[in-house]
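Visitor: Mind folding the following:
(one chain, ligands or ions: 3)
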Amino acid sequence: MRPAAFLDRDGVINLDHGYVSRWEDFEFVPGAVEAMRRLQAAGYALVIVTNQSGIARGYYDEAAVLRLHEALSVHLAQQGVTLAAIEYCPHLPDGSVARYAVECDCRKPAPGMILRSAAALGVDLARSLMFGDKPSDVEAGTRAGVGRCVRLATNGNALDSDPDIDFPDLPRALDALGIA
Ligand SMILES: O=P(O)(O)OC[C@@H](O)[C@H]1O[C@@H](OP(=O)(O)O)[C@@H](O)[C@@H](O)[C@@H]1O
Ligand SMILES: [Mg+2]
Ligand SMILES: [Zn+2]
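Guide: Ligands and ions are numbered 1, 2, ... in the order given. The predicted model follows:
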């Protein structure tokens with residue numbers, strides 16, 4: 001079994017402009033692609049886990065998310081980065097699109113996206129990493145049994161005082177974790 005790096009999307013890989021659904025609006029966080037390359041070279045399967053409540057809110061549909069993720073995968077592949085999986089949660093209990101307005105097991109802080117992809121890919125969760133920009137990302141990782149869960153300040157959120165959890169950005173988190 002191999003370890004994985006579970007990556008939140010909005011606020012970690014790309015700037016969270018609020019419900020980003022189009023490749024034209026997808027702006028990488030500086031250093032994020034190079035950091036993903038580092039994780040890959042260190043043997044981590046790269047898995048994106050993203051809440052996309054914009055679907056349940058009726059802002060965009062699943063096809064738009066799939067198109068965006070296809071464009072992202074192609075772009076990353078051109079940069080030498082291969083994604084093992086992209087998991088998204090389209091749900092929100094009080095969403096306006098009825099079929100997505102459900103309590104689910106995958107909207108972070110629930111661990112469903114992590115557990116599902118880990119089972120499908122044969123991931124060793126205890127040796128895995130979770131990177132997010134919100135406490136709900138850290139909670140999802142912790143509930144799934146991910147060995148190390150960190151929160152990044154790349155979305156303009158203030159750092160808390162826990163130096164084991166909070167880092168300014170992905171490259172500096174990798175430095176602290178000893179990932180070359
Ligand atoms: O950070 P990830 O999980 O990749 O995706 C988050 C997005 O789906 C959106 O999630 C929303 O939270 P609510 O879903 O409305 O609570 C807000 O935080 C938006 O700003 C953000 O764009
Ligand atoms: Mg986020
Ligand atoms: Zn869900």
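
Visitor: List, one by one, the residues from the protein near ligand 3.
Guide: Residues of the chain lying close to ligand 3 by Cβ under 5 Å from the ion are 89, 91, 104, 106, 107. For every residue, glycine as well, the C-beta is placed using N, CA and C.

Visitor: Apply 8 Å and report the result again.
Guide: With the criterion set to Cβ under 8 Å from the ion, the chain comes near ligand 3 through 51, 89, 90, 91, 102, 104, 105, 106, 107, 110, 112, 113.

Visitor: low-scoring pLDDT stretches of this protein, where are they?
Guide: Low-confidence segments of the chain (pLDDT under 70): 161.

Visitor: So which residues of it form strands?
Guide: With strands called from DSSP state E, the chain shows them at 4-7, 45-51, 85-89, 129-132, 148-152, 166-167.

Visitor: who wins for proximity to ligand 1 among the ones you listed?
Guide: Checking those against ligand 1 by Cβ to the nearest ligand atom gives strand 45-51 as the closest, at 3.4 Å.

Visitor: Which single helix of this protein contains the most residues?
Guide: Using DSSP state H to define each element, the chain has its longest helix at helix 62-78.

Visitor: Identify each buried residue in that helix, please.
Guide: Under the neighbour-count criterion of 16 or more other Cβ atoms under 10 Å, helix 62-78 has 64, 65, 68, 69, 72, 76 buried.

Visitor: what's the offset of that helix from the middle of its chain?
Guide: Offset of helix 62-78 from its chain centre (Cα atoms, centre = their mean, to the nearest Å): 14 Å.

Visitor: Can you give the contact residues for it?
Guide: 13, 20-23, 26, 33, 36, 48, 52, 55, 82-83, 86, 88, 90 (Cβ atoms under 8 Å, 6 or more residues apart in numbering).

Visitor: Of those, just say which sits nearest to residue 154.
Guide: residue 13 (9.2 Å; Cβ to Cβ).

Visitor: Does that closest one touch residue 32 like I think?
Guide: Yes: between residue 13 and residue 32 there is a contact at 5.0 Å, judged by Cβ atoms under 8 Å.

Visitor: coming back round to it: farthest-apart pair in the residues of the chain next to ligand 3, please.
Guide: Maximum pairwise distance in those, criterion Cβ to Cβ, is 15.1 Å, between 102 and 113.

Visitor: OK, contacts around the residue in the chain that ligand 2 sits nearest to?
Guide: Closest residue of the chain to ligand 2, Cβ to the ion: residue 11 (3.4 Å). If you count contacts by Cβ under 8 Å, 6+ apart, residue 11 has them with 29, 132, 133, 134, 152, 154, 155, 157.
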